[in-house]
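K.L.:
Make a model of this:
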Amino acid sequence: MVLKSKKALPAKKKTARHALAQVKPAVATGAKNILICDDDPALSRVMALKFSSSGFNVTVCHDGQQAITAMKDMKFDGIILDLIMPEKTGFDVLQERPHTKNVTTPTFVMSDMRTQETADQVIAMGATNFFIKMQMPLSEVINEITRATS
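P.N.:
Below you'll find the model as predicted:
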């Protein structure tokens with residue numbers, strides 16, 4: 001027997017985790033999980049599709065706070081991170097990374113900030129590598145991340 005309540009059920013609380021977009025390809029169990037964090041929706045969608053078709057399970061965030069929340073909730077095999085984003089920057093995310101489940105996760109920064117000083121700074125903060133957006137083919141980025149997560 002099912003009892004029906006006349007009382008409305010409370011709405012589920014929406015968190016940053018619920019705002020994350022997940023691209024789940026048909027891949028074998030044990031596929032690598034990658035986090036893409038970029039505030040450019042077109043670029044993050046293209047990256048997600050490319051990584052997904054390369055066999056990765058992909059989670060996409062569009063701001064630094066979402067990335068920090070995702071990194072506290074889940075251990076990823078690789079992270080791609082933009083630097084200039086709303087809420088919190090990629091620098092903030094790198095600074096918070098030691099307080100997440102992803103302390104040792106290979107983290108690749110992709111940014112339009114083109115100075116050697118920026119590259120040196122993110123490497124000193126624990127990034128694995130620094131790429132200038134649109135100067136490195138996405139296929140090479142995928143190959144490097146595949147090597148780092150193997």
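K.L.:
Helices of the protein, residue ranges please.
P.N.:
Taking DSSP state H to define them, one finds helices in the chain at 16-19, 41-53, 64-73, 90-96, 116-124, 138-148.
K.L.:
Of all the ones you listed, which one is nearest Thr105?
P.N.:
helix 64-73 (7.9 Å; CB to CB). Any C-beta I mention is one placed from the backbone N, CA and C, and that applies to glycine too.
K.L.:
Distance from the chain centre to the closest one, please.
P.N.:
What separates the centre of helix 64-73 from the centre of its chain is 8 Å, taken as CA atoms, centre = their mean, to the nearest Å.
K.L.:
And it, what's buried?
P.N.:
The neighbour-count check on helix 64-73 (16 or more other CB atoms under 10 Å) flags Gly64, Gln65, Gln66, Ala67, Ile68, Thr69, Ala70, Met71 as buried.
K.L.:
what do you get for stretch 42-57?
P.N.:
Burial within stretch 42-57, assessed by neighbour count using 16+ other CB under 10 Å, is assigned to Leu43, Ser44, Met47, Ala48, Lys50, Phe51, Ser52, Ser54, Phe56, Asn57.
K.L.:
next one: stretch 85-101
P.N.:
For stretch 85-101, burial by neighbour count (16+ other CB under 10 Å) applies to Met85, Glu87, Lys88, Thr89, Gly90, Phe91, Asp92, Val93, Leu94, Glu96, Arg97, Thr100.
K.L.:
coming back round to it: out of the buried residues of stretch 42-57, which comes closest to Ile34?
P.N.:
Distance to Ile34 across the buried residues of stretch 42-57 (CB to CB) is lowest for Phe56, with 4.7 Å.
K.L.:
Can you report how many residues lie near the residue lying closest to that closest one once chain neighbours are set aside?
P.N.:
The shortest distance from Phe56 to any non-neighbouring residue, by CB to CB, 6 or more residues apart in numbering, is to Ile34 (4.7 Å). Ile34 is flanked by 28 other residues according to other CB atoms under 10 Å.
K.L.:
Please look at Ile34 and Lys75 and confirm they touch.
P.N.:
No. Between Ile34 and Lys75 there is no contact under CB atoms under 8 Å: 11.6 Å.
K.L.:
picking that back up, next, format the buried residues of helix 64-73 as TSV and append pLDDT and distance to Gly126.
P.N.:
Output for those, formatted as TSV (pLDDT from 0 to 100; distance: CB to CB, whole Å):
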residue	pLDDT	distance to Gly126
Gly64	95	15
Gln65	95	19
Gln66	95	19
Ala67	96	14
Ile68	96	14
Thr69	96	19
Ala70	96	17
Met71	97	12
